[in-house]
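>>> turn this into a structure:
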Amino acid sequence: MNICVTGGAGFIGSHIVDAYINQGYTVCIIDNLSGGTRGNINEKAKFYECDITSPEIEKIFEHERFDILNHHAAQIDVRISVRNPKFDAVTNIIGGLNLYEFARRFGVKKIIFASSGGTVYGMCKAALERFTTGLASEASNDSIGVNVISPGLVATPGVLHHGLVTEANKDMATPVEHMAEACLHLVHGDPSVNSGHITYAADVLKEFKLNPAELLA
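Prediction:
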């Protein structure tokens, strides 16, 4: 199985890449390194340094013929999203739709989209989530399974450094290992089962008898 992880050079994405590779999957990373680093890239993964809004995405999807798209790439700086919402929208909405277009064209069987929340950045993520829902409805004849995972506050180094995990919200903070575990489980199953609707991560985790309360806010 060939899995594309966008944003796979970032902190969260790299953990998900590692989890897939440890299970024997073939993994390809697409990342423009605006937030990620080469040091995060698993040496067993194929790497394309490319922006998700680029026309080059079409060539990558045509060549690789991915089975699964796991979309994590995003403009995540909240200050930029407030100062330049147009740029935020181009990356987080148009970039996502660019991926989805070629996922449908070149036979991707399942899409896993990592949603979020918070200010303009969160609104753009929410907008793409709605587009993802629409894709699920329209893609039933294409047998594309679509999952939206909403992890809440992931305990990344930046989150911890800035003290964003507090006594009040610590129960809502998602360890990155749990995020990777959820994405790993989401690759399983018949894609046609999910076509036409969104399956949220909590439902998938219940199926695998995992505790969604530990994973999702």
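>>> show me the contacts for residue 54.
By CB atoms under 8 Å, 6 or more residues apart in numbering, residue 54 lies in contact with residue 98. In short, each C-beta sits where N, CA and C put it, glycine included.
>>> try it again at 7 Å.
By CB atoms under 7 Å, 6 or more residues apart in numbering, the contact set of residue 54 is empty.
>>> from residue 4, how far out is it?
Distance, residue 54 to residue 4, using CB to CB, to the nearest Å: 14 Å.
>>> so which residues of the protein form strands?
2-6, 26-31, 46-49, 68-71, 110-114, 145-149, 153-154, 173-174, 199-200 (DSSP state E).
>>> spatially nearest residue to residue 4 (excluding sequence neighbours)?
Nearest residue to residue 4, sequence neighbours excluded (CB to CB, 6 or more residues apart in numbering): residue 66, at 4.4 Å.
>>> distance of that neighbour from residue 111?
Per CB to CB, residue 66 is found 10 Å from residue 111.
>>> can you check residue 44 too?
Separation of residue 44 from residue 111 (CB to CB) stands at 23 Å.
>>> so these two - more neighbours on which side?
residue 111 (28 against 12; other CB atoms under 10 Å).
>>> the more buried one contacts residue 69, doesn't it?
Yes - assessed by CB atoms under 7 Å, residue 111 is found in contact with residue 69 at 4.8 Å.
>>> could you check how far the residue nearest to residue 26 when sequence neighbours are not counted is from residue 92?
Closest residue in space to residue 26, ignoring its immediate chain neighbours: residue 2 at 4.6 Å, by CB to CB, 6+ apart. Distance, residue 2 to residue 92, by CB to CB: 25 Å.
>>> neighbour count for the two, which is higher?
More neighbours surround residue 92 than the other of residue 2 and residue 92, with 26 against 14 (other CB under 10 Å).
>>> the residue nearest to that one when sequence neighbours are not counted: how many residues sit nearby?
Spatial nearest neighbour of residue 92, chain neighbours left out: residue 124 (3.8 Å); criterion: CB to CB, 6+ apart. By other CB under 10 Å, 24 other residues sit near residue 124.
>>> for residue 81, same thing?
Residue 81, neighbours per other CB under 10 Å, totals 24.
>>> thought it was touching residue 89?
No - using CB under 7 Å, residue 81 is not in contact with residue 89, being 8.8 Å away.
>>> shared neighbours of these two, anything?
With CB under 7 Å, 6+ apart, residue 81 and residue 89 have no common neighbours.
>>> I'd say residue 9 and residue 35 touch.
No - Residue 9 lies out of contact with residue 35 (CB under 7 Å); the separation is 8.1 Å.
>>> more neighbours: which of the two?
Counted by other CB under 10 Å, residue 9 and residue 35 do not tie: residue 9 has more neighbours, with 27 against 17.
>>> ok, and the closest non-adjacent residue to the more buried one?
residue 36 (2.9 Å).
>>> quick one: pLDDT of the one you found?
Looking at residue 36, its pLDDT reads 89.
>>> low-confidence ranges in the chain?
For the chain, applying pLDDT under 70 flags the ranges 116-123, 125-126, 133-186, 188-217.
>>> now do the helices in it.
For the chain, applying DSSP state H gives helices covering 11-22, 56-64, 78-83, 85-89, 95-105, 119-138, 157-161, 176-186, 191-194, 201-207, 212-215.
>>> for residue 4, give its distance to residue 53.
16 Å.
>>> one more: residue 18?
Taking CB to CB as the measure, residue 18 falls 26 Å from residue 53.
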